[in-house]
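K.L.:
need a structure here:
(one chain, ligands or ions: 2)
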Amino acid sequence: MTMPQDKQTLLGILKAQPVMPVVAVNSAAEAVDLSRALASGGLKAIEITLRTPAALDAIRAVAADVPEIVCGAGTILTPKQFDEAEAAGAKFIVSPGATMEVLDAAKGSPAPLLPGAATPSELMAMIEEGYEVLKFFPAEQLGGVPYLKALAPVFQAISFCPTGGVSMANVRDYLALPNVVCVGGSWVAPKDVVTAGRFDEITRLAAEAAALAA
Ligand SMILES: O=C[C@H](O)COP(=O)(O)O
Ligand SMILES: CC(=O)C(=O)O
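P.N.:
Numbers count the residues shown, from 1 in each chain. Ligands and ions are numbered 1, 2, ... in the order given. Next up, the predicted model:
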């Protein structure tokens with residue numbers, strides 16, 4: 001079996017904080033301010049999703065100007081997006097799912113890929129491809145904590161980053177699972193708070209999330 005996923009590097013990034021902020025940004029400047037505010041609160045990485053036209057510029061700017069945070073790219077759906085995100089400086093790449101084309105793009109890349117998988121057959125396919133650290137999206141809608149608990153004894157090598165519907169109300173239940181390395185969430189960077197430029201509030205939310213590690 002090949003081992004294309006740089007598991008150690010990826011786990012290092014994911015385990016450095018309990019919550020990975022998943023964000024969609026309007027501009028590179030906004031992404032820089034947001035990243036600094038999240039880092040001030042104690043979060044060590046950010047996933048900038050390719051859901052806005054500003055995403056690649058934002059990744060470039062954060063990778064260059066905010067050394068205190070590890071900048072990754074999310075919502076990678078195609079090999080072209082993988083290549084663009086890597087070229088922009090993304091240090092890790094997240095996809096809500098997995099296609100053979102995206103897995104091919106990830107081969108040999110310095111940016112480790114966190115692909116998404118949910119069903120037993122999808123998990124078996126990922127294991128065959130050498131992937132053991134996986135996104136679980138959309139977590140709550142797919143069955144949440146009870147679903148992940150049921151998978152654990154069967155898929156003992158798999159670690160998940162559940163994302164989608166996770167919040168301060170349920171995050172502790174996810175983090176208590178042995179097969180969860182961290183969660184992804186947008187609640188630490190609410191759109192209205194970012195747009196209003198209330199970065200002190202972002203730092204407060206980030207600190208609250210970072211404290212979940214204790
Ligand atoms: O689209 C969802 C994001 O990836 C994160 O999900 P969330 O907004 O439920 O935290
Ligand atoms: C769901 C997610 O985190 C992504 O779109 O990459």
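K.L.:
Per-residue pLDDT of the closest residue to K191 other than its chain neighbours, please?
P.N.:
Counting by Cβ to Cβ, 6 or more residues apart in numbering, the nearest residue to K191 once its immediate chain neighbours are dropped is A24, at 7.7 Å. Any C-beta I mention is one placed from the backbone N, CA and C, and that applies to glycine too. Looking at A24, its pLDDT reads 97.
K.L.:
Likewise for G108?
P.N.:
Note on G108: pLDDT of 88.
K.L.:
do the same with the one 3 residues further on
P.N.:
The pLDDT attached to A111 in the predicted structure is 96.
K.L.:
And for the one 4 residues further on?
P.N.:
The predicted local confidence for P115 comes out at a pLDDT of 98.
K.L.:
Could you check how far it is from ligand 2?
P.N.:
Noted for P115: a distance of 10 Å to ligand 2, by Cβ to the nearest ligand atom, to the nearest Å.
K.L.:
Spit out the contact partners of that residue.
P.N.:
With contact taken as Cβ atoms under 8 Å, 6 or more residues apart in numbering, P115 is in contact with S95, G97, A98, V102, L103, A106, M126, Y131, L134, K135.
K.L.:
Any regions of this structure where pLDDT drops low?
P.N.:
1-3 (pLDDT under 70).
K.L.:
Which helix or strand contains D173?
P.N.:
helix 171-175 (DSSP states H and E).
K.L.:
buried ones in that helix?
P.N.:
V171, Y174, L175 (16 or more other Cβ atoms under 10 Å).
K.L.:
elements contacting that helix?
P.N.:
Judged by 3 or more Cβ pairs under 8 Å, 6 or more residues apart in numbering; DSSP states H and E, the packing partners of helix 171-175 are helix 144-151, strand 183-185.
K.L.:
Could you look over the ones you listed and pick the most buried one?
P.N.:
Ranked by mean neighbour count under mean count of other Cβ atoms under 10 Å, those are led by strand 183-185, which reaches a mean of 25.
K.L.:
wait, does whatever helix or strand comes next after that one make contact with ligand 1?
P.N.:
Heading C-terminal from strand 183-185, the first helix or strand you meet, by DSSP H and E, is helix 191-195. No - Helix 191-195 lies out of reach of ligand 1 by Cβ under 6 Å from any ligand atom, never closer than 9.6 Å.
K.L.:
again with stretch 41-55
P.N.:
No - between stretch 41-55 and ligand 1, judged by Cβ under 6 Å from any ligand atom, nothing touches; the nearest distance is 6.7 Å.
K.L.:
Am I right that the residue nearest to K191 is in contact with E47?
P.N.:
No - between A24 and E47 there is no contact under Cβ atoms under 8 Å: 10.0 Å.
K.L.:
okay, the two: which has more neighbours?
P.N.:
Using other Cβ atoms under 10 Å, the more surrounded residue of A24 and E47 is E47, with 27 against 19.
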